[in-house]
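1. Below is the sequence, then the predicted model.
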Amino acid sequence: MNRARYRLVALAALPFLLALAVDLILFAVLRDRLPDRLASQFNGSGGAPSDYSSPASWVTVDVGLSVALTVVWGAIAATADFTVRGARWAFGAGYAVAGLVGYLMAVVLDVNLDAVDGSEARLPLWHLAVGVGVGALAAGAGALLLRLAELPDAVPSPGPGLVEHLDLAESEVAGWARRAPSRTLCAVGCALLAAGGGLTYVYDWARAAAPLVSGVLTLLCSCAYVTVDRHGLTARPTVLPWPRVRIPLAEVDRAVSREVKALAEYGGWGYRVRPGRSGLILRSGEAIVVRRTGGREFAVTVSDSATAAALLNTLAEREAVRR
């Protein structure tokens, strides 16, 4: 990475580290005024406590959550194309999340302050509205910093790619397979699990179910298994049989290997659909792009895509001759 990219990564990590520092300073200052049993989860009816934890657990959750979120937004800043509006929105969202999470963790200390026991604490729901406001202010600060920062040079649009073939004798049979992991989706999955853990700590399992389930599903789908063989091109999660995308040889017009940009071309990561094309986009970089007989394109980011494209072209032409 160049210097501009390193600065962006530092700016992306800044709000989470600042929020963590403020929370830990508050904890150090207020530690003697906190009960040994903190109210850590609150229900929605009056904000009464529903579960408790020790002060040490509060520190562990705060540090773990902050580190996980720092890793996620650091990965986004290290790979995103900031000439695209979506990347700038994602950057600002990091500041909003840092402001909201930092505020809520600090509020847990505030409502327990000077209580003999955590059962005396109450967390009114208006604190959530204040937290959203703090997140909005933080997002504005992030947007301002991004405007002042030096952005990396725009990556030029990739070319169409070359149509290659693999030399195979008529009687030869060949296949190709690769795993295609995504560090970004893995980081997002870990962050969702961390966020779910934080919500479980502050509220209850019911409110944490959505991020916890989303985190597990994201991790399960964060690595694809891509094959090219007599069945055509197949892409599915490594540990799951579904969802699966298969393009039969009869539907392959041509296949090429080229660079793709996740945000600029597909608007993000995962299974993406755009006018005239779709793709399993797990990162920016090398991908096999298949043009189907109907004119639509399908792309999947995977290493050694040149070999896969060449083999797919050869097998598709062999299938066309047989028909």
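-> Good, I have the coordinates.

2. which stretches of the stretch 101-250 of the chain form helices?
-> 126-148, 183-202, 205-220 (DSSP state H, counting those that start in this stretch).

3. Let me know which of those is tucked in deepest.
-> Among these, helix 183-202 has the highest mean neighbour count (mean count of other Cβ atoms under 10 Å), at a mean of 21. C-beta here means a position set from N, CA and C on the backbone, and glycine is covered the same way.

4. which helices and strands sit right next to that helix?
-> Where contact means 3 or more Cβ pairs under 8 Å, 6 or more residues apart in numbering; DSSP states H and E, helix 183-202 is packed against strand 38-42, helix 55-79, helix 85-112, helix 205-220.

5. of all these, which lies closest to residue 12?
-> Checking those against residue 12 by Cβ to Cβ gives helix 55-79 as the closest, at 3.7 Å.

6. Pull out the buried residues from the closest one.
-> 55, 58-59, 61-62, 65-77, 79 (16 or more other Cβ atoms under 10 Å).

7. Show me how far that helix is from its chain's centre.
-> Chain-centre distance of helix 55-79: 13 Å, with Cα atoms, centre = their mean, to the nearest Å.

8. ok, now stretch 309-322?
-> Taking mean C-alpha positions (Cα atoms, centre = their mean), stretch 309-322 and its chain are 36 Å apart.

9. What residues sit buried inside that stretch?
-> Buried-residue list, stretch 309-322, by 16+ other Cβ under 10 Å: 309, 310, 311, 312, 313, 314, 315, 316, 319.

10. quick one: which of those residues sit in helices?
-> 309, 310, 311, 312, 313, 314, 315, 316, 319 (DSSP state H).

11. Spatially nearest residue to the first one (excluding sequence neighbours)?
-> Once flanking residues are discounted, residue 309 sits nearest to residue 255: 4.0 Å by Cβ to Cβ, 6 or more residues apart in numbering.

12. Adjacent strands (with direction) for the helix or strand containing that neighbour?
-> If you go by DSSP states H and E, residue 255 is part of strand 252-260. In the sheet, strand 252-260 lines up against strand 285-292 (antiparallel) (DSSP bridges).

13. what's next to the strand it pairs with, contact-wise?
-> With contacts defined as Cβ atoms under 8 Å, 6 or more residues apart in numbering, strand 285-292 is touched by 161, 226, 233, 247, 251-260, 279, 281, 297-303, 305, 308-309, 312.

14. 6 Å instead?
-> 233, 247, 251-258, 260, 297-301, 305, 308-309 (Cβ atoms under 6 Å, 6 or more residues apart in numbering).

15. now that strand, how far from the chain's geometric center?
-> 22 Å.

16. Stretch 88-104 now?
-> For stretch 88-104, the distance to the chain centre is 14 Å (Cα atoms, centre = their mean).

17. swap in stretch 42-61?
-> That offset, for stretch 42-61, works out to 27 Å (Cα atoms, centre = their mean).

18. before we move on, what about stretch 283-290?
-> That offset, for stretch 283-290, works out to 18 Å (Cα atoms, centre = their mean).

19. tell me which residues in it are buried?
-> Here stretch 283-290 shows 283, 284, 286, 287, 288, 289, 290 as buried, counting by 16+ other Cβ under 10 Å.

20. again, but for stretch 229-249
-> Buried positions in stretch 229-249, judged by neighbour count with 16+ other Cβ under 10 Å: 229, 232, 233, 234, 235, 236, 237, 245, 247, 249.

21. same question, stretch 112-127
-> 112, 115, 118, 121, 123, 127.

22. What of stretch 247-260?
-> In stretch 247-260, counting by 16+ other Cβ under 10 Å, buried: 247, 249, 251, 252, 254, 255, 256, 257, 258, 259, 260.

23. Next up, the contacts around the first one.
-> Right, the one you point to is residue 247. So residue 247 contacts 232, 233, 290 (Cβ under 6 Å, 6+ apart).

24. Report pLDDT for the spatially closest residue to residue 97 that is not a sequence neighbour.
-> Once flanking residues are discounted, residue 97 sits nearest to residue 69: 6.3 Å by Cβ to Cβ, 6+ apart. Here the pLDDT value assigned to residue 69 is 87.
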